[in-house]
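Q: below is the structure, and that's it, no one-letter string:
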Ligand code: KPL
C-alpha cells in the first residue's frame, strides 16, 4: 500500500466523517496543517471554535459539508487521501455505505470508534487498508441553553484533556501506513503512536469503557463518583467477569491488573462526564451495543457466565 497520499505534502483532502466532539477535535487539529473536509449530518458554518486543553480559544476555518451533499456529488468532490470515520459506532456502517459510491474501493480508512463491533466488520469487508485507533483524547461539545448569555461565545468543542492515540490495523498488514498517519497526527499536535497490537488496545479500552460508561450513564453521575464505596461490589463483580473474558480472548491484562487500571481511570477522569453520559444528557443513542455487546458475545463464545454484564446491558440507556 502506498503511503504517498497521506504524507503531509499530499494535496488530496482528508475526509473526516462525523461532527461530534472527536470529529471536530481531529478536524480542527488537522485542518491547520492538511486539507480537511468535515462531513456532518447537518450543514454548518466553515469554522470550528476549539477550546484547547490549555484553555485557549481558537477558531479554525475548514471546509464543512453535509455528508449527503458530498456523497451525492453536489459539490466539487475529489477523491480523499484518507477517510477518518469519527461517527458513533452505531452510525459508522451507514455513513460508509453512503460514501461508498464516491470512494475508490481501496481508499484507506481510519476508524475512531469505541468498543469492538464495527472494527472487525469493516476490516473484513473493505477492500482497502482499515486502520483502527484507540484514543484517550477527551473532548466534549458544551450543552448550553440558547437563552444563556454565554451561548453566542461558546466553543463548538472543548478539548478537555490531551491524551494519546494508538493506530494500527487488526491484521498488522499496514504498519507503514499506520506510521504515516500517526506522524501526520503528531504534526497536528496530537500524540499518536503506530502499533502492532491495536486489537489488544481496543479491548483494553473496551474493558475500561464497559465499567465506567454504562454505570455513569445509568446513574447520571461523573466518573469520579464511581470511587464511592456503594459502587465497589458491583465494579469488582464486573471486573471479575471482564477479566475472564479478556483471558479467553487472549487480551493481556495490564501490569497492575484490570481492577487497578479501571480505578486509575476513574480517578484520573474524576471530573468527566463519560461519553455515554454525554449521549444520554443530549438525548442521543448510546454505544452500549458496541461496548457491552462484544463482551456478551465473547462470553457466549467461550461459554462463560456473564450475569453482571448482562444486567448492566439491560440497565443501560440505549
Ligand atoms: O473513554 C471514556 C469515555 O467517556 O468514553 C472514559 C475513559 C470513560 C473517560 O470518560
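A: Noted; the coordinates are in hand. Source: prediction; values computed, not measured.
Q: distance check, the single nearest residue of the stretch 101-250 of the chain relative to the ligand against residue 283.
A: Residue of the stretch 101-250 of the chain nearest the ligand, by CB to the nearest ligand atom: residue 212 (3.9 Å). Every residue, glycine included, has its C-beta placed from N, CA and C. Plainly put, residue 212 is 21 Å away from residue 283 if you go by CB to CB, to the nearest Å.
Q: if we can go back for a sec, which strands or helices does the helix or strand harbouring the residue of the stretch 101-250 of the chain closest to the ligand pack on?
A: Element membership for residue 212 (DSSP states H and E) is helix 198-219. Identification of packing neighbours for helix 198-219 by 3 or more CB pairs under 8 Å, 6 or more residues apart in numbering; DSSP states H and E yields strand 130-135, strand 164-168, helix 232-249, helix 258-268, helix 275-281, helix 288-301, helix 307-315.
Q: pick the most buried one from those.
A: Greatest average neighbour count among these goes to strand 130-135 (a mean of 25), per mean count of other CB atoms under 10 Å.
Q: quick check: angle from the host helix or strand of residue 95 to helix 288-301?
A: According to DSSP H and E, residue 95 maps onto helix 89-99. For helix 89-99 against helix 288-301, the angle by axes from the mean of the first three to the mean of the last three CA atoms, to 10 degrees is 110 degrees.
Q: ok, is helix 89-99 in contact with the ligand or not?
A: No - Helix 89-99 does not reach the ligand (CB under 6 Å from any ligand atom); its nearest approach is 11.4 Å.
Q: pull out the buried positions in that helix.
A: 89, 90, 91, 92, 93, 95, 96, 98, 99 (16 or more other CB atoms under 10 Å).
Q: residue numbers of the stretch 101-250 of the chain in contact with the ligand?
A: Residues of the stretch 101-250 of the chain lying close to the ligand (CB under 6 Å from any ligand atom) are 114, 208, 209, 212, 213, 223.
Q: that older thread, could you dump the helices and strands packed on helix 198-219 into TSV with mean pLDDT added?
A: Below are the helices and strands packed on helix 198-219 laid out as TSV (pLDDT from 0 to 100):
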stretch	mean pLDDT
strand 130-135	98
strand 164-168	98
helix 232-249	98
helix 258-268	96
helix 275-281	94
helix 288-301	98
helix 307-315	98
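Q: including distance to residue 39, could the ones you listed go into TSV?
A: Formatted as TSV, the helices and strands packed on helix 198-219 follow (distance: least, CB to CB, whole Å):
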stretch	distance to residue 39
strand 130-135	18
strand 164-168	20
helix 232-249	34
helix 258-268	31
helix 275-281	20
helix 288-301	21
helix 307-315	31
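Q: for residue 51, which of the ones you listed is the nearest?
A: Across the helices and strands packed on helix 198-219, residue 51 has its closest neighbour in helix 275-281 (15.6 Å, CB to CB).
Q: is the ligand within reach of the closest one?
A: Yes - contact of helix 275-281 with the ligand (CB under 6 Å from any ligand atom) involves residue 275.
Q: now do that helix: distance to the chain's middle.
A: The chain centroid and the centroid of helix 275-281 are separated by 14 Å, computed with CA atoms, centre = their mean, to the nearest Å.
Q: what packs against that helix?
A: The helices and strands touching helix 275-281, judged by 3+ CB pairs under 8 Å, 6+ apart, are helix 198-219.
Q: can you give me the angle the helix it packs on makes with strand 130-135?
A: On the basis of the same axes, to 10 degrees, helix 198-219 is oriented at 50 degrees to strand 130-135.
Q: right, I'll leave it there.
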